[in-house]
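K.L.:
sharing a model prediction with you, sequence too.
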Amino acid sequence: MKPKILVLCTGNSCRSQIAEGYLRHFANGKADTYSAGVETHGVNPKAISTMREEGIDISTHSSNHINEYAGIEFDFVITVCDNAKERCPFFPAKTKTFHHNFPDPAKATGTDEEINNQFRQVRQQIKDYCRDFISKNL
């Protein structure tokens, strides 16, 4: 049975969607990967376009609430923001939890190019984290 990975963020809009895309990419079918939020804000269009630059299509992802996955036993839960970590529900002892607080690119300000660059910077941080996570845990 493939391990199940959940990425949890506040709104399941940017960081968790990007991480889900990279985890799927790097796991290459060796894990079932999900993302959710403690709220739902919809998938951010800039997250979609930023990932498209990397050749990863997250345009069919949906913004899901953590409660939608109540019946799934996850092997790994990764929180990608402090708010989600603080509001994270209890998971069984067998679930390994990880945390990394990535900056929220949805809060980026400035010109379109400056905002796009902030998305790219966060995307790179998440990409590096996900590559490392898969190499160490799968």
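P.N.:
That came in fine, so what should we check first? Numbering: from 1, shown residues only.

K.L.:
which ones are touching F74?
P.N.:
K4, I5, L6, Y34, F91, T95 (CB atoms under 8 Å, 6 or more residues apart in numbering). (C-beta placed from N, C-alpha, C; glycine too.)

K.L.:
kindly recompute the last result at 6 Å.
P.N.:
By CB atoms under 6 Å, 6 or more residues apart in numbering, F74 lies in contact with K4, L6, T95.

K.L.:
so which helix or strand takes in it?
P.N.:
Using DSSP states H and E, F74 falls within no helix or strand.

K.L.:
what's the answer for I72, then?
P.N.:
Using DSSP H and E, I72 falls outside every helix and strand.

K.L.:
what count of nearby residues applies to it?
P.N.:
Using other CB atoms under 10 Å, I72 has 10 other residues around it.

K.L.:
distance-wise, check it relative to I66.
P.N.:
10 Å (CB to CB, to the nearest Å).

K.L.:
wait, C130 sits on H25?
P.N.:
No: C130 is beyond contact range of H25, at 7.8 Å (criterion: CB atoms under 6 Å).

K.L.:
could you check which of the two has the larger neighbour count?
P.N.:
C130 (25 against 17).

K.L.:
spell out the secondary structure type for the closest residue to the more buried one other than its chain neighbours.
P.N.:
Setting aside the residues directly before and after it, C130 is nearest to Y22 in space (CB to CB, 6 or more residues apart in numbering), at 3.7 Å. With DSSP: H, G, I helix; E, B strand; the rest coil as the basis, Y22 sits in helix.
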